[in-house]
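In: mind looking at a prediction? Sequence and model below.
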Amino acid sequence: GTEILFTFSPKKGYHVNAVPPMAVQFDSTSPARPGGKIAIPSDSATGYLRTSLAVRQPFTLARSAERGRAELKGVLTFYYCSDAGGWCRKENLRFMLPVTVK
């Protein structure tokens, strides 16, 4: 299948949470739709994201997608924390991925 891969490289002293789970929301103008459940590699001991592996979101293209260049647009929602500061934040990160529809 076709997937979008998201990778994370947090600075020392920060971690990305696997719970609450990440979510991908495609824009209504994007030709992509979720094609399955997001795969979040986590460390079962800490509940943190295993940043050595990519987060994988399967997707499908709408039947109406025209051949040629297209842009997959959306928002990746995730939570990250400062170990030293003791705080966590929700992040809504916009993404745009150019693709070629065949």
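Out: Cool, got the structure.
In: nearest residue to Trp87 other than its sequence neighbours?
Out: Cys81 (6.7 Å; CB to CB, 6 or more residues apart in numbering). Glycine gets a C-beta too; all of them are placed from N, C-alpha and C.
In: let me redo that: Leu76
Out: Closest residue to Leu76 apart from its sequence neighbours, by CB to CB, 6+ apart: Leu93 at 4.8 Å.
In: circling back to that earlier point, and the helix or strand that contains the residue nearest to Trp87, what other elements does it pack with?
Out: Cys81 belongs to strand 68-82 when elements are defined using DSSP states H and E. With contacts taken as 3 or more CB pairs under 8 Å, 6 or more residues apart in numbering; DSSP states H and E, strand 68-82 sits against strand 14-16, strand 23-26, strand 87-101.
In: and the last one with strand 68-82, angle?
Out: Between strand 87-101 and strand 68-82, the angle comes out at 170 degrees (axes from the mean of the first three to the mean of the last three CA atoms, to 10 degrees).
In: could you check how far the residue nearest to Trp87 is from Ser44?
Out: Using CB to CB, to the nearest Å, we find Cys81 at a distance of 18 Å from Ser44.
In: over to Gly86?
Out: Distance from Gly86 to Ser44, by CB to CB: 23 Å.
In: least trustworthy helix or strand in the chain by mean pLDDT?
Out: Least confident element among the helices and strands of the chain, by mean pLDDT, DSSP states H and E: strand 32-34 (a mean of 91).
In: who touches it?
Out: Val24, Phe26, Gln57, Pro58, Phe59, Thr60, Leu61, Ala62, Leu72, Gly74 (CB atoms under 8 Å, 6 or more residues apart in numbering).
In: tell me where the model's unsure across this protein.
Out: Applying pLDDT under 70 to the chain flags residues 1.
In: quick revisit: which one's more surrounded, Cys81 and Ser44?
Out: Cys81 (17 against 8; other CB atoms under 10 Å).
In: could you give the bridge partners of the more buried one?
Out: His15, Cys88 (DSSP bridges).
In: got a list of what it touches?
Out: Counted by CB under 8 Å, 6+ apart, Cys81 has contacts Tyr14, His15, Asn17, Trp87, Cys88, Arg89.
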